[in-house]
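Colleague: Quick one, structure for this:
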Amino acid sequence: MLKKIDYKKDLNPAQCEAVHSTQGAYLVIAGAGSGKTRTLVYRVAYLVEQGIKPDEILLLTFTRKAAQEMLRRASLLLDERCQKVSGGTFHSFANSILRKYGGYLGISSGFTIIDRADAEDAVNLIRTQLGLHKTDKRFPRKRALIETISMSVNKSQPIEDVLYQEYPQFMEWADQIKKISQEYSKYKQAKSLLDYDDLLVYLRDLLVKHDNVRMALARKYKYIMVDEYQDTNKLQAQIVCLLACEHKNIMVVGDDSQSIYSFRGANFKNIMDFPKLFKDARVITLEENYRSTQPILDMTNQVIHYAAEKFEKNLYTNKRGGKPPVFIDAQDENSQSAYIADKVLELREEGLELGQVAVLFRSGWHSNDLEVELANRNIPFVKYGGQKFVEAAHIKDVMSFLRIAHNHFDQISWYRALLLLKGVGVKTAERVVKEVLSGNGGLNLDGKLVEKILGLRELLRLLKQADPQKQTPAEMIHAFLAYYQPLLKENYDDFNKRLNDLDSLERIAFRYKSLESFLSDMALEPPERSIIESGVKDRDDSVLTLSTIHSAKGLEWHTVFVIYVAEGHLPSYLSLEDKEAIEEERRLFYVALTRAKENLFLLKPHIDRSPRSYFDGAGQVFTRVSRFLEEGDILGKFIENESAGDDQFEDVFPEDLPAERLKFDRDFLDTIKEYYRDA
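Modeller: Okay, the predicted model is just below:
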């Protein structure tokens, strides 16, 4: 007997409306903590329950994990049919469509996906070949080049516009950078390589240029849902609209107040303009919050109230009680850190686990002093916002071997493998690559070079014998590691710390039978954190979370500390001259505030002694509270003020201030004393 879901019992009225709205276009504005995921899960179940074939439903998300979790929950709610719903990321969806229909654009179905670091290596190779590495004036390095090219694609902007906004110092090189971009495109086409941006560009082109393909996909995917629509870039939004332009059965879900990824190309206008594109679209707003107390929501509602452009919403909760947020104007950065450490220990004594506490910040360096303080107090913590697992050099080394096995003409991977060898430089690597890719078999090299490449010759023999169709990725990695481990010791001083990562890579590979699917998944949906970073030994312990606000989006904690709530820090000094950037900083602040369930602490150091102070040249300055707390007197109306100690500003003019400043202050103090002596 099939399950019968009681939607009215399980959902609030706004959620219920979103779930039962199936025909036509819908924009669901889901406020922070308002049950967005629950709504999507129930809507998947409802569509399937209504007799719609699961494979006719397309659920697009930003991580594969999110899609899998939604479909798993929908299956538990209804039945296993929900697992057959087509769910995944934009890039994985593009990958699957291009594997099938790429021939219309002249793309081989056996293309290799390259990640950002490989793309950087490719443009660096082109930069060198064009002689732009020897210019008199500084020419942008490979990271700035690929970021410029990628941003141009994702924002659908000319390279000149991107340079003007992001790298104005390189405007004079615009023509040369456009040349590199053109050569990079030719290079990828010749080698049958696609980068992340290509997946979206080619899918968009396929939908625009080939009506038969677009119609076929429209007939297949009759109901489209998109999660986190505020984070889409122009390409992704265009793809979504093209997929839905025939039947217009589309629901996009997101929160305009949490659009914080413009640096990745996300376009705030996509969610704001959706009702303009789909003129019959209905807007459904989810306002009941299931996370935070009302005093916290009162403050967050006020912060976003002053946004220049937004969908109106007012978050509320049926939870009773709650304490107002607390503001602490600490004496300096170390006092800020000490306050947090003291409060964390106090909360732990009261029974709150460290895992329920987080410290959030705008920039990674903001937590430097705090990390030292926590270490001195023996308070365990983990910091998020660092290097991703597959971006670690040693993981990329091993992945280059696998990519060579998959695509013999992957020149980028050949270069990486060769340059690991001691004494092999760029010129030698170029020579070897030419020999390898010529198809002659064997290497016509001199004796000394052959000695250096004996291990590589053995690997070439292994690659030639290996059949990717028969060997599993795990078996191939195991064989490659025997060759790689001596190179690991030679190239990395901390090789012992990297061994756990290599073991992890092998364990991940055991899940796959196909090398192509393993390489695609590692490129499209890599594990996000290195085992080194998370600390294998302590991974099961309850630890305090330190995180950039960007990395904290979508998460929640019982108690949240937000540090450096000061002008130039939050908002960042980089945004102070740009109204749109300031608005994104406001949304970033809003995201930080709405992570808290019960306790919210906002801190700023009264004196900023940071060497990265936005006041250039000043060793230390007096900070000003963030403008986001001054608007409408939010600081006075919605927040309690608390001291960081009785002697909070006792040392406001310490001995390390300039002598002239100290002399003036002391002379003036003596004058005041003398003037009022008789009184």
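Colleague: Stretch 367-379 - what's its average pLDDT?
Modeller: Stretch 367-379 shows a mean pLDDT of 84.
Colleague: in it, what counts as buried?
Modeller: Buried residues in stretch 367-379, counted by 16 or more other Cβ atoms under 10 Å: 367, 369-370, 373-374, 379. Every C-beta, even on glycine, is put in place using the N, C-alpha and C of the backbone.
Colleague: likewise stretch 157-174?
Modeller: 157, 159, 162-163, 167, 170, 173-174.
Colleague: follow-up on the earlier one: out of the buried residues of stretch 367-379, which sit inside helices?
Modeller: Among these, the members found in helices (DSSP state H) are 369-370, 373-374.
Colleague: Could you list the low-pLDDT ranges of the stretch 401-550 of the chain?
Modeller: Residues of the stretch 401-550 of the chain meeting the criterion pLDDT under 70: 439-457, 459-470, 493-494, 496-497, 525-541.
Colleague: could you pull out the helices for it?
Modeller: For the stretch 401-550 of the chain, applying DSSP state H, counting those that start in this stretch gives helices covering 411-419, 426-438, 447-452, 454-465, 473-491, 495-509, 515-524, 531-534, 549-552.
Colleague: so which pair among the buried residues of stretch 367-379 is furthest apart in space?
Modeller: Across those, the longest distance by Cβ to Cβ is 13.8 Å; it joins 369 and 379.
Colleague: So in this protein, which strand runs the longest?
Modeller: As assigned by DSSP state E, the longest strand anywhere in the chain is strand 596-605.
Colleague: Pairing partners for that strand, with directions?
Modeller: Looking at strand 596-605 with DSSP bridges, its partner strands are strand 326-330 (parallel), strand 557-562 (parallel).
Colleague: Identify the residues contacting it?
Modeller: Residues from elsewhere that reach strand 596-605, judged by Cβ atoms under 8 Å, 6 or more residues apart in numbering: 291-293, 296, 299, 322-323, 325-333, 335-336, 339-340, 343, 347, 556-566, 569, 593, 623, 625-626, 629, 639.
Colleague: ok, 6 Å please
Modeller: 291-292, 296, 325-328, 330, 332-333, 336, 556, 558-563, 565-566, 623 (Cβ atoms under 6 Å, 6 or more residues apart in numbering).
Colleague: phi, psi of residue 51?
Modeller: For residue 51, the backbone dihedrals (degrees, to the nearest 10) come out as phi 90, psi 10.
Colleague: coming back round to it: just the buried subset of the contacts of strand 596-605, written out for PyMOL, thanks.
Modeller: Only the buried entries of those go into this PyMOL selection, using 16+ other Cβ under 10 Å:
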select buried, resi 291+292+296+325+326+327+328+330+332+333+336+556+559+560+561+562+563+565+566+623
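Colleague: Could you dump the buried residues of stretch 157-174 into a markdown table with pLDDT, distance to residue 104 and secondary structure added?
Modeller: Output for those, formatted as a markdown table (pLDDT from 0 to 100; distance: Cβ to Cβ, whole Å; DSSP: H, G, I helix; E, B strand; the rest coil):
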| residue | pLDDT | distance to residue 104 | secondary structure |
| --- | --- | --- | --- |
| 157 | 87 | 27 | coil |
| 159 | 92 | 27 | helix |
| 162 | 88 | 29 | helix |
| 163 | 88 | 33 | helix |
| 167 | 83 | 36 | coil |
| 170 | 85 | 36 | helix |
| 173 | 89 | 36 | helix |
| 174 | 92 | 33 | helix |
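Colleague: Just flag the most distant two among the residues you listed.
Modeller: The most distant members of the buried residues of stretch 157-174, if one measures by Cβ to Cβ, are 157 and 173, lying 16.8 Å apart.
Colleague: and residue 56, what does it touch?
Modeller: By Cβ under 6 Å, 6+ apart, residue 56 lies in contact with residue 222.
Colleague: Could you pull out the buried residues of stretch 259-273?
Modeller: 259-262, 265-268, 270-272.
Colleague: got it, and stretch 495-505?
Modeller: Across stretch 495-505, burial judged by 16+ other Cβ under 10 Å covers 495, 498, 501-502, 504-505.
Colleague: mind checking which helix or strand of this structure has the lowest mean pLDDT?
Modeller: Within the chain, confidence by mean pLDDT, DSSP states H and E is lowest for helix 531-534 among all helices and strands, at a mean of 37.
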